[in-house]
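Novice: Quick one, what's the 3D model for this:
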Amino acid sequence: MKFEKENQEDTTSMTMLTLIIIAFSGIGTFLTGYNLSALSGSVILLKKEFNLDDFWHMAIVSIGVGTAAVSALGGGYVCDLLGRRPVIMLSSAMFFIGSLILACAGAKKALLVGQIFVGFGAELEAHLASSSVDKGLTTSSAPPYMAEISPSYARGRLMAVTGACFAFGTSLSGIVAGIFSYYSWGWRCIFGVSAGPAILQFFGFLFLPESPRWLIKKERNGKAKVILEKLHGKHLAAKEYEDIMYSEVEHRRHLEQELNDSFQTGEPDRASYSAIFCYKIICWQVEASEKFYY
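Specialist: A predicted model of the protein is given here:
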């Protein structure tokens, strides 16, 4: 009876802390969706305010997505090098700075700079939050972080939060744009709204833990065990730790076997398949992705 009560308390603690982490991580994908759509709701006001010709219109609209595409090339490497949590905080800071620059912009060049910050922030955070979102640093950090923090039995349900937050961000952007589109200065409010969630996420992650799986990859197993116990309780933490260790060993063994097979048989290696996959993603982006926003 005592064991059942202790196990129930551990499960409750795990659930509450995990939900808090998922909520703060979801802010990143919300910001990605909001900022990608905010420009479409303010571009008409910007054209009137700054007398934008076709070139400047094209540059301001595309620079954010272009920056996200460039940062995506190194976003995964940065996340593996520095950790999930620092990269999410970095992306939050970029979102915040970009939003302020856009909201306070007094010249066309300032709009470009603001979009560059937003583009970098979006790619960094999305790499970490979920594979369902494909923009920016946020895309590099938040999805992996959410998946690695979540318990195995609830991972699928909790990861659905990323898609929901992204959709909510795009929807709210349209609502905010509709409210402020009647005022010549309304575009400043449209851009400035996202500064609040960005700074909230930044300070929230000051108190949240690093991904246990990333810590184990860096051979910091002791700290990983402590975090797993805080997340899931002692009983479930032991199982999660064993699952992570097993998956890491199997992953390394699979990579070594794959490398040996590629040398012996001459078949395409992982890099070749990755290059083909990236090419398909680029083609998809060029053909359809941004038409939804612009």
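Novice: which residues of the stretch 1-150 of the chain score low on pLDDT?
Specialist: The model of the stretch 1-150 of the chain has pLDDT under 70 over residues 1-15, 123-143.
Novice: any idea of the pLDDT on the residue nearest to A237 when sequence neighbours are not counted?
Specialist: The shortest distance from A237 to any non-neighbouring residue, by C-beta to C-beta, 6 or more residues apart in numbering, is to L228 (3.9 Å). C-betas here are computed from N, CA, C, even on glycine. In this model, L228 is scored at 84, pLDDT.
Novice: Any stretches of the stretch 151-294 of the chain with poor pLDDT?
Specialist: 248-294.
Novice: which stretches of it form helices?
Specialist: 155-180, 186-192, 195-204, 212-217, 221-265, 270-287 (DSSP state H, counting those that start in this stretch).
Novice: sorry, back to before: just give me the neighbour total for the residue nearest to A237.
Specialist: Neighbour count for L228, taken as other C-beta atoms under 10 Å: 26.
Novice: Contact partners for it?
Specialist: 212, 237, 240-241 (C-beta atoms under 8 Å, 6 or more residues apart in numbering).
Novice: May I ask which of the residues you listed has the most neighbours?
Specialist: Of the contacts of L228, with other C-beta under 10 Å as the count, P212 tops at 26 neighbours.
Novice: Distance-wise, check it relative to E148.
Specialist: From P212 across to E148, the span is 7 Å (C-beta to C-beta, to the nearest Å).
Novice: nearest spatial neighbour of I21, skipping sequence neighbours?
Specialist: I149 (5.2 Å).
Novice: give me every residue that touches the one you found.
Specialist: With C-beta under 8 Å, 6+ apart, I149 has these contacts: 18, 21-22, 25, 209, 211-212, 231.
Novice: Closest one of those to Y77?
Specialist: S211 (15.8 Å; C-beta to C-beta).
Novice: ok, now how distant is the closest one from E242?
Specialist: 17 Å.
Novice: between the two, who's got more neighbours?
Specialist: Between S211 and E242, counted using other C-beta under 10 Å, the more crowded position is S211 (23 against 10).
Novice: how near is the residue nearest to A237 to T18?
Specialist: Here the criterion is C-beta to C-beta. By it, L228 lies 11 Å from T18.
Novice: same thing with F95?
Specialist: 24 Å.
Novice: So for these two, which sits in the more crowded spot?
Specialist: Shown here are F95 and T18; by other C-beta under 10 Å, F95 has more neighbours (33 against 18).
Novice: how about the helices in the stretch 1-150 of the chain?
Specialist: Using DSSP H, counting those that start in this stretch, helices in the stretch 1-150 of the chain cover 2-50, 54-82, 84-103, 108-129, 138-149.
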